[in-house]
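K.L.:
I need the structure of the sequence given here:
(one chain, ligands or ions: 2)
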Amino acid sequence: MKYIINIIRILFLALFLLLFIKGKAMLWFALFAVSLIAAVLFGRVYCGYVCPMNTLMLPTQWLAKKLKIQTKKTPKWLKNGYFAWITLLVSIVIMLVSKKAPGMNLPILPFWMLLAVLVTLRYTPAVFHNLICPFGALQRTFGRFAILSERVNKDTCIGCKLCEGVCPSKAIIVAAEDKKATVNAALCHQCTNCSQVCPTNAIHYKTK
Ligand code: SF4
Ligand code: SF4
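P.N.:
Numbering: from 1, shown residues only. Ligands and ions are numbered 1, 2, ... in the order given. Here you go, the predicted model:
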């Protein structure tokens with residue numbers, strides 16, 4: 001399963017690079033727009049399987065852990081959650097300006113890919129996914145209504161927290177009160193990391 005998911009990610013990364021090299025990056029934005037509708041039906045599958053930033057962040061996370069240069073802290077100024085919306089607004093303005101002035105074709109997508117890698121070298125992936133990424137801000141807005149999503153069966157959850165440890169976006173949390181895990185569909189990338197490690201098979205992709 002893990003290998004199939006990684007192959008899908010690499011294929012989408014290759015498609016992204018191909019479109020970018022051919023000067024057809026707008027097609028990628030069209031794909032992203034469709035993915036927002038898909039997020040309401042299937043959850044944030046774009047983030048988990050399609051996003052080139054996420055695909056680059058995965059080996060970066062592995063490297064940062066190996067080099068022991070990553071901190072679990074989150075910069076205080078990011079915690080209020082507004083920054084991702086500001087980055088979205090700035091990105092839209094830059095794209096509109098680029099369109100009006102053809103000589104000024106600013107590479108907005110490669111910029112975000114580079115930033116995703118640099119941030120992940122220092123901070124856990126959730127910092128970029130949840131607090132910085134402008135695309136993530138939109139995916140969160142649509143993903144919270146996901147009809148299908150990874151969800152926890154409270155009867156079989158034993159509160160071991162293994163799922164929390166492998167979640168890239170802090171989408172699954174074990175409550176202190178009842179020691180049961182819950183998936184926040186707004187943050188969940190549907191990556192299946194949690195269901196793969198759950199010892200009681202309590203997590204399934206399903207409707208509410
Ligand atoms: S890994 Fe499974 S059993 Fe453990 S806390 Fe998560 S959902 Fe519950
Ligand atoms: S680990 Fe589970 S809860 Fe976290 S993003 Fe992946 S599928 Fe969603």
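K.L.:
what does the domain assignment say about the chain?
P.N.:
Taking automatic domain parsing as the reference, the chain has its domains at 2-143, 149-206.
K.L.:
Any chance of CSV for those domains, columns mean pLDDT, mean neighbour count and distance to ligand 2?
P.N.:
Heads up, the C-betas are built off the backbone N, CA and C, glycines and all. Converted to CSV, those look like this (pLDDT from 0 to 100; neighbours: other C-beta atoms under 10 Å; distance: least, C-beta to the nearest ligand atom, whole Å):
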stretch, mean pLDDT, mean neighbour count, distance to ligand 2
domain 2-143, 94, 16, 7
domain 149-206, 98, 18, 3
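K.L.:
Residue 170 and residue 189 touch, don't they?
P.N.:
No. Using C-beta atoms under 8 Å, residue 170 makes no contact with residue 189, being 11.0 Å away.
K.L.:
Show me the helices in the protein, by range?
P.N.:
Ranges of helices in the chain, per DSSP state H, are 2-21, 25-42, 45, 52-67, 83-100, 108-122, 125-127, 134-143, 162-166, 193-197.
K.L.:
tell me the contacts of the spatially most central residue of the chain?
P.N.:
By C-alpha atoms, centre = their mean, the chain has its centre lying nearest to residue 47, at 4.1 Å. Neighbour list for residue 47: 54, 129, 135-136, 139, 143, 169, 189-190 [criterion: C-beta atoms under 8 Å, 6 or more residues apart in numbering].
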